[in-house]
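Visitor: task: produce atomic coordinates for the following.
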Amino acid sequence: MAEKDIVEKSLESYNDVFADIVNGLLFNGQKIIKENELEAESEHSIYKADDKLHEQVRDVAKYWKNGMTTVIKKLVESGAMTVEQIAGVLQLPVEKVKELAEMKLPE
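Guide: Numbering: from 1, shown residues only. The predicted structure is shown next:
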């Protein structure tokens with residue numbers, strides 16, 4: 001089992017494989033996340049809970065450069081949420097969310 005897990009982690013570290021997996025699972029196979037929009041991120045992070053610091057180790061971590069903008073655009077375009085609702089959830093000014101929703105994404 002450990003060998004299978006190591007191979008899986010190794011494959012997921014490639015941006016094209018990671019993008020395919022996430023697009024398949026979250027976006028029904030649509031090419032929303034592109035491999036050139038991903039950057040490797042540290043697998044280690046620290047968070048605070050119960051007034052204590054905890055370390056979290058992930059198998060693979062990626063930063064999606066256009067992630068926030070893409071998600072906001074998709075939510076607004078689909079009518080799933082209004083700009084005001086998104087601003088409330090993200091605790092951002094409405095004008096900032098409008099700006100992100102109107103941004104042109106790289107092809």
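Visitor: from the chain's centroid, how far away is the lowest-mean-pLDDT helix or strand in the chain?
Guide: Of all helical and strand segments in the chain, the minimum by mean pLDDT, DSSP states H and E falls on helix 67-78, at a mean of 75. Offset of helix 67-78 from its chain centre (CA atoms, centre = their mean, to the nearest Å): 12 Å.
Visitor: mean confidence score for the helix or strand just after that helix?
Guide: Next helix or strand after helix 67-78 toward the C-terminus (DSSP states H and E): helix 83-90. Mean pLDDT, helix 83-90: 82.
Visitor: ok, then the element right after helix 83-90?
Guide: Next along the chain after helix 83-90, taking DSSP H and E as the criterion, comes helix 94-102.
Visitor: quick one: Glu95 from Leu26, how far?
Guide: Remark: distance between Glu95 and Leu26 (CB to CB, to the nearest Å) = 28 Å. To be clear about C-beta, it is placed using only N, CA and C from the backbone, and glycine gets the same treatment.
Visitor: do the same with Ile32
Guide: Ile32 sits 8 Å away from Leu26, going by CB to CB.
Visitor: neighbour count winner among these two?
Guide: Just comparing Ile32 and Leu26: by other CB atoms under 10 Å the higher neighbour count belongs to Ile32, 19 against 11.
Visitor: now do the contacts for the residue lying closest to Ala40 once chain neighbours are set aside.
Guide: Once flanking residues are discounted, Ala40 sits nearest to Lys62: 6.6 Å by CB to CB, 6 or more residues apart in numbering. Applying CB atoms under 8 Å, 6 or more residues apart in numbering to Lys62 gives the contacts 15, 18, 38-41.
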